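Chemist: Just to be clear, the model below is a prediction. Sequence and coordinates:
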Number of protein chains: 2
Amino acid sequence: MSTNLNKIREALAKQTQKNHEIFNYAIPDTWLAFDYKGSKIKVNDGNVLVNPYHFYQSLIEDVFLKQTSTELRSYYLDHPVDKGFDNGNWIRKSSAYSMMVRTSGSYDHDRTGKLEDQNLYHLKDTGTFLKTLAYLPLLKRMGIDVLYLLPIAKYSLKDKKGELGSPYGVSNFFALDEGLKDPMTGDDTTVNDEFKAFVEAAHALDMKVIIDIIPRTNSVNSDLIIDHPDWFYWIDHKDLEDYRPPMVEGLKSTLPAKKEYFKELFSSPSVEEHLHKFRKNPRDLNPEQWKKMVKAYKSKKNTKEILDLVQEYFDMSVAPAFSDHINDPQPAWSDVTFFRMYNDHPINSQPFLDELGEFNPYILFDVAKCSLNPGSQPNMPLWELLSDIIPFYQTEFGIDGARIDMGHALPVELIDMIISKAKKIDPNFCFIAEELDIENAQASIDKGYNMIIGDGFIREPRVYEGMFNAFAYSAMNLPSPVFACGETHDTPRLASRNGEEVLAKMLSVFNLFVPNAVPFLNSGQEFFERQPMNTGLDCKPNEAEALDKNDPYYGKLALFDRYQLHYLHPRRWEMVETMEKASKIRQSLMSSLVKMDKVYPLGFSAPWDTAAGFGYEGRNKMTLVIANTDYQHDKEHWVRLDTLPDAYNNEGTILKQIFSSEDAENETDVFIESTRNVRIWFKKGEVKIFEIKAK
Amino acid sequence: MSTNLNKIREALAKQTQKNHEIFNYAIPDTWLAFDYKGSKIKVNDGNVLVNPYHFYQSLIEDVFLKQTSTELRSYYLDHPVDKGFDNGNWIRKSSAYSMMVRTSGSYDHDRTGKLEDQNLYHLKDTGTFLKTLAYLPLLKRMGIDVLYLLPIAKYSLKDKKGELGSPYGVSNFFALDEGLKDPMTGDDTTVNDEFKAFVEAAHALDMKVIIDIIPRTNSVNSDLIIDHPDWFYWIDHKDLEDYRPPMVEGLKSTLPAKKEYFKELFSSPSVEEHLHKFRKNPRDLNPEQWKKMVKAYKSKKNTKEILDLVQEYFDMSVAPAFSDHINDPQPAWSDVTFFRMYNDHPINSQPFLDELGEFNPYILFDVAKCSLNPGSQPNMPLWELLSDIIPFYQTEFGIDGARIDMGHALPVELIDMIISKAKKIDPNFCFIAEELDIENAQASIDKGYNMIIGDGFIREPRVYEGMFNAFAYSAMNLPSPVFACGETHDTPRLASRNGEEVLAKMLSVFNLFVPNAVPFLNSGQEFFERQPMNTGLDCKPNEAEALDKNDPYYGKLALFDRYQLHYLHPRRWEMVETMEKASKIRQSLMSSLVKMDKVYPLGFSAPWDTAAGFGYEGRNKMTLVIANTDYQHDKEHWVRLDTLPDAYNNEGTILKQIFSSEDAENETDVFIESTRNVRIWFKKGEVKIFEIKAK
């Protein structure tokens, strides 16, 4: 079995036969976390030189094909799921790694200083599914069992952002980004084969694959325009340059698009002006001209994008999307638009529109937030298509879960269609809501999601403001799990925030032990990457300049540009080893970690102490995980054990140290004092783990 | 013409035709100081990737063969010499660059992290004559016109020091080190052809070539042993392990081997014990056995070194040399021995020896310093051979000068033979004495040398002790020029001394303007190399650890080990440009620089001020070169101009700034004050140059 991995292996074996020339092809040593038998040269800077064909062939043979293989299907269609963790709730026991294949698989293999589409060996320096396989053994070693992939679908290259364009500007849900196909396999396999093989490989290591689905927006240059111009919003091309969200006088900044603000909204002159910019869709405007254009588009000679042709034939353009909050200062999102979810205007808005006149389908805060402001006529063919995306990836590629981008802005009925279609195929399919507000945790669970993203990346880094403790201690009371995460692809990197590498390491380790949370590593976090992938959330204006000016990737953002993560960071192996050790302890505590009645939050001398910790009760054993969250000072903390059951806090009881994130050589046991407390000395940012036997 | 360069070019052209595979072959960008037309990839770290065959072929064609070419002869046999600078004194106007070809041409071209004899492309990473050509255009640009080469002759690999052995352990004066042959030319050219081409190339750029000749010592494994065992000193092999210079009780440390100390010397029991270790030479001991050994040595099957055979056949060994100073704490120099300059014992020592008994030829301080302690029977066949070395390099390779290593320890008559034979071939041949003591400057001139090394490298770095000023202001009064140099291949690097890069840059620039001195750059000094090449002079015990522990060359010494200079130092181009500009000014002042009556030393507010400067008078113009020698502080110096002729120090006269080593953008003119002084503001270590027009 593992049909697709075998197919890739065969294609590589064929190429290995042909390619005997000298290969001065570098990979970072962390891509070589298996016993590679081929000839290799280790360079002192951490690079390893290999014959790429032979290397990837061996990787597939020796790492993935050696595991028990199954047919390409979603993981839990082939594996038993733990009791109580069915219906997608297996995510509660997982550790996730967020990666963008285009970036995580990027490496300057020929060391020319540039990430080329064709390097000296006519191979790709940017990331591909095939190359990314090389990093999975190391992720496995660090305890990762969920790969959360940023979008992998075809995206528009027209007027692209940055050097490569944003994968969030999807132009076809049912096609993969051809850029992720590797040239090493030649024409013998397709990008679809290679993603299938990727999922097979992940499953072989018992890793699950979750993808990012974006049903609310689509590229302004969507492939769907040609058949469904009426699913989009249209303006004159001349209006595109000045197009922006209208500012509503008399309303505050960034208000939710609730009905209570609509009076002010629709009486605003700039809103009225904005509404008048929208036009009928071009096919309805001039069906004959549309037919001509379709013919031109489908002609073999055509090299133009669909949106170019609409502009040429109609002087019209798809209207860009913008934030669904009134008076949000963000500009319009030039590369994407909203889908027209309803065939009529929002019911909440119709009375106000009636007073102003007749309007074509338009984009405004009410329409953007159609979950709050539905129309009366759902665009059912569109909804069917959007709810068929996940089934396509399930049946074609065997994925195991999905994050729904901007799910909060979708009609509740559509979310329900999406979730129920997927669950019909795989009852254990997991859904993650792009919901940052923990107030909405219950609502998300009610909709059928298994967890929400939450706001860890905002609160965790703010240790001195007390927000880290507020996050860590409150997660266990939430109706839904959240990600225990200090950074995402949209936020600053921990290693570039105040606290830098000390903070990054402390959070990466402690997040493995936050109750009711799913540990989440953002690709590169494990080797102190400093440069954000995007500056979308919680970023300062200079956030994109986190690197040294001489760094070849200074100012580059992985979401748009060619970007190589700093795989050769000098402390990379220290982090791998620390995460490996901590993850094993996490596994041994799993039964207590997911049962909130086995979790005991620990107190310190005062609530504002820079420390956090939990006790996890097992059979006749309590395990304490305690962090000195102060990233600037070594400190002695006074840990209160009076919340623990009596069997664990008697004077003189030994706390046996079993782990330290900083100084594993110097593990020291401590004793409980007469006041049922212990004093423990920590290095800055140190996480320690102790065991107490029941008395 | 340029026959040898053409030969190399042709060999490369042939190889270029054959080698079309992918070359991921890196050179540092400073090796590409010409307009290379071939395909190249510039890496952001300063590497440039090229096809090596094509690159070196183009280098020869476009840089060297484009110049007017002449036959391979010493430079001044083909070029006129300036009046007053004949007889080798052209050195007084020169700028020297000291290089060791094996090291300066070393580069990890395939970036495997190792300097291989055969890299991935079956080419050499260590230095060769051919590869070193690539750096000459940049040296030319920096104003260098003399290449001073550390030994290039065949040296012994038996019991070699370090990874590669020391080139000072010469085993054959009349053969070049085969390691300097480049594999790129295949079998089409020999190492001799390649050195000839090197000299042709240097001459094409009007650079002269000076080599290092070592007539006093030779490898203990010398090729001369087989024919002349009587030219060496012999001990039993069993005594080799404990062999060391005897310590003389009652005498102080490091005394010169003068007759006045001989009473104590020869009454020392450890001296007597030492003298008894010496044996007759093995041929005289047992002529039959010697004949057998010679036969074995010359047999085609023999793979053994000569010294191995003597040890095998006679249980004897050549005695190592040691310092010619009594009670010098240095151990014996295990890899080299002294030549037996006289067939009898020193005349000065004979009376003392007579009292002790009969002795075989021995090595002791008296013999070592045979210039002070000659015998009565010169070893004429040896002297003839030693005085034929330079003529061999003159006629075969066209060299232009030589430094005589340990010349001070050679018989005066031998020095005379060496100098007169060379001058007969080329009257303008230049001789440099390895004489550090400026007290001996006149004596060296009297012997026929053109200059002495001097002690700049000891005094220049000691700015705060006032020794830099003592050096710079006294050089003009010496009867011989000295090198204006802050470091040599035997000393610590300026960039690793107190003052680091600030000191290194200040001295590199100011040395161009020290009167009666020849500017001297030690290879790597121009890009702030920190690691010494050897720790022979003025070094502390930890001197070999000047690099970061993670540096691949940490602890390595170029004189013995594979070593790559740090060609990619981030400030490399800043230094090139500063040196280029300063050298041009030096050239424009040359007629004043070499005439001491045109030089005006400048005073400051106090003799201990950290500043130095000279005025150079030209036609109606005075040029002032002034340095703030304080490498820690920016400073305003009060410069006394009262020593200048009256035409140049009137109140209100403008000093027009024409150069700054630090901030060329902000050149500011200054005015002479009523007290005939100026106040000038300097950055730390800054050198400024001003012009004053005569009033």
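Modeler: Okay, I see it.

Chemist: and residue A:660, how many neighbours does it have?
Modeler: 21 (other Cβ atoms under 10 Å in any protein chain shown). In this view, the C-beta of every residue, glycine as well, is placed from N, C-alpha and C.

Chemist: what's the answer for residue A:72, then?
Modeler: 20.

Chemist: Also residue A:370?
Modeler: Residue A:370: 24 neighbours (other Cβ under 10 Å).

Chemist: Wasn't it part of a strand?
Modeler: No - secondary structure of residue A:370 (DSSP: H, G, I helix; E, B strand; the rest coil): coil, not part of a strand.

Chemist: got a list of what the closest residue to it other than its chain neighbours touches?
Modeler: Closest residue to residue A:370 apart from its sequence neighbours, by Cβ to Cβ, 6 or more residues apart in numbering or on different chains: residue A:341 at 4.9 Å. Residue A:341 makes contact with A:370, A:374, A:375, A:378, A:379, A:382, A:383, A:410, A:411, A:414, according to Cβ atoms under 8 Å, 6 or more residues apart in numbering or on different chains.

Chemist: count of residues packed around the residue in the stretch 101-250 of chain A positioned nearest to chain B?
Modeler: Nearest to chain B in the stretch 101-250 of chain A, going by Cβ to the nearest Cβ, is residue A:113, at a distance of 3.7 Å. Residues within reach of residue A:113, counting by other Cβ under 10 Å, total 16.

Chemist: Residue A:201 now?
Modeler: Using other Cβ under 10 Å, residue A:201 has 29 other residues around it.

Chemist: contact partners of stretch A:547-561?
Modeler: With Cβ under 8 Å, 6+ apart, stretch A:547-561 has contacts from A:100, A:102-103, A:113, A:160-168, A:489, A:530-535, A:544-545, A:562-565, B:44, B:570.

Chemist: got the CA positions of that stretch in PDB?
Modeler: Taking Å, rounded to 0.1, in the frame of the first residue of the first chain, the C-alpha atoms of stretch A:547-561 are listed here in PDB:
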ATOM      1  CA  LEU A 547      16.100  40.600  11.400                       C
ATOM      2  CA  ASP A 548      19.600  42.000  11.100                       C
ATOM      3  CA  LYS A 549      19.900  44.400   8.100                       C
ATOM      4  CA  ASN A 550      22.500  42.100   6.500                       C
ATOM      5  CA  ASP A 551      20.200  39.100   6.700                       C
ATOM      6  CA  PRO A 552      19.300  38.000   3.200                       C
ATOM      7  CA  TYR A 553      15.600  37.800   4.400                       C
ATOM      8  CA  TYR A 554      15.500  41.200   6.100                       C
ATOM      9  CA  GLY A 555      12.100  42.700   5.600                       C
ATOM     10  CA  LYS A 556      10.700  39.600   3.800                       C
ATOM     11  CA  LEU A 557       7.400  38.100   4.900                       C
ATOM     12  CA  ALA A 558       6.900  34.400   4.300                       C
ATOM     13  CA  LEU A 559       3.200  34.800   3.500                       C
ATOM     14  CA  PHE A 560       4.100  36.800   0.400                       C
ATOM     15  CA  ASP A 561       7.900  36.500  -0.300                       C
END
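
Chemist: out of the contacts of residue A:341, which are inside helices?
Modeler: Residues of these located in helices (DSSP state H): A:382, A:383, A:414.

Chemist: ok now stretch A:307-315, how far from the chain's centre?
Modeler: 35 Å (Cα atoms, centre = their mean, to the nearest Å).

Chemist: ugh, typo on my part, it should be stretch A:164-178
Modeler: 16 Å.

Chemist: CA atoms of that stretch as PDB?
Modeler: Extracted as PDB, the C-alpha positions of stretch A:164-178 are listed here (Å, rounded to 0.1, in the frame of the first residue of the first chain):
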ATOM      1  CA  LEU A 164       5.200  35.000  -4.700                       C
ATOM      2  CA  GLY A 165       1.700  36.100  -3.700                       C
ATOM      3  CA  SER A 166      -0.400  35.200  -0.700                       C
ATOM      4  CA  PRO A 167      -1.800  31.700  -0.500                       C
ATOM      5  CA  TYR A 168      -4.800  33.200   1.200                       C
ATOM      6  CA  GLY A 169      -5.900  34.700  -2.200                       C
ATOM      7  CA  VAL A 170      -7.300  31.300  -3.300                       C
ATOM      8  CA  SER A 171      -8.500  31.300  -6.900                       C
ATOM      9  CA  ASN A 172      -9.600  27.600  -7.100                       C
ATOM     10  CA  PHE A 173     -10.600  25.500  -4.100                       C
ATOM     11  CA  PHE A 174     -10.300  22.300  -6.000                       C
ATOM     12  CA  ALA A 175      -6.800  22.600  -7.400                       C
ATOM     13  CA  LEU A 176      -3.600  22.600  -5.500                       C
ATOM     14  CA  ASP A 177      -0.900  25.200  -5.800                       C
ATOM     15  CA  GLU A 178       1.300  23.900  -8.700                       C
END
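
Chemist: which outside residues touch that stretch?
Modeler: By Cβ under 8 Å, 6+ apart, the list of residues contacting stretch A:164-178 from outside reads A:100, A:102, A:126, A:150-157, A:160-161, A:179, A:191-192, A:195, A:213-214, A:217-224, A:335-336, A:385-386, A:389, A:392, A:405, A:559-562.

Chemist: Up against chain B, what does chain A have?
Modeler: With Cβ under 8 Å from any Cβ of the partner chain as the criterion, chain A meets chain B at residues A:21-22, A:24, A:41-45, A:47, A:49, A:110-113, A:120-121, A:550, A:552, A:570.

Chemist: Any of those buried? List them.
Modeler: Buried members of the residues of chain A next to chain B, scored by 16 or more other Cβ atoms under 10 Å in any protein chain shown, are A:22, A:24, A:41, A:43, A:47, A:49, A:110-113, A:120-121, A:552.

Chemist: I'd like those as CSV, with secondary structure and distance to residue A:693 appended.
Modeler: Output for those, formatted as CSV (DSSP: H, G, I helix; E, B strand; the rest coil; distance: Cβ to Cβ, whole Å):
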residue, secondary structure, distance to residue A:693
A:22, coil, 60
A:24, coil, 57
A:41, strand, 50
A:43, coil, 48
A:47, strand, 47
A:49, strand, 51
A:110, coil, 57
A:111, coil, 54
A:112, coil, 59
A:113, coil, 57
A:120, coil, 61
A:121, coil, 58
A:552, coil, 54
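
Chemist: Give me the lowest-pLDDT entry from the residues you listed.
Modeler: Least confident of these in the model: residue A:22, at 82.

Chemist: Test my guess that that one contacts residue B:22.
Modeler: Yes - Residue A:22 lies in contact with residue B:22 (Cβ atoms under 8 Å); the separation is 7.1 Å.

Chemist: so what's residue A:543 up against?
Modeler: Counted by Cβ under 8 Å, 6+ apart, residue A:543 has contacts A:492, A:496, A:532, A:535.

Chemist: Now the two most distant members of those residues.
Modeler: A:496 and A:535 (11.5 Å; Cβ to Cβ).

Chemist: Looking at the two, which is more packed in?
Modeler: Neighbours per residue, other Cβ under 10 Å: of residue A:496 and residue A:535, the larger number sits with residue A:496, 21 against 18.

Chemist: Wait, the more buried one touches residue A:531, no?
Modeler: Yes - using Cβ under 8 Å, residue A:496 is in contact with residue A:531, at 7.4 Å.

Chemist: so what's the backbone phi/psi at the residue lying closest to residue A:454 once chain neighbours are set aside?
Modeler: Closest residue to residue A:454 apart from its sequence neighbours, by Cβ to Cβ, 6+ apart: residue A:482 at 2.9 Å. The phi and psi torsions at residue A:482 (degrees, to the nearest 10) take the values phi -130, psi 170.

Chemist: Identify the bridge partners of residue A:482.
Modeler: On the basis of DSSP bridges, residue A:482 is bridged to residue A:517.

Chemist: What about it, how many residues nearby?
Modeler: Neighbour count for residue A:482, taken as other Cβ under 10 Å: 24.

Chemist: All set now, cheers.
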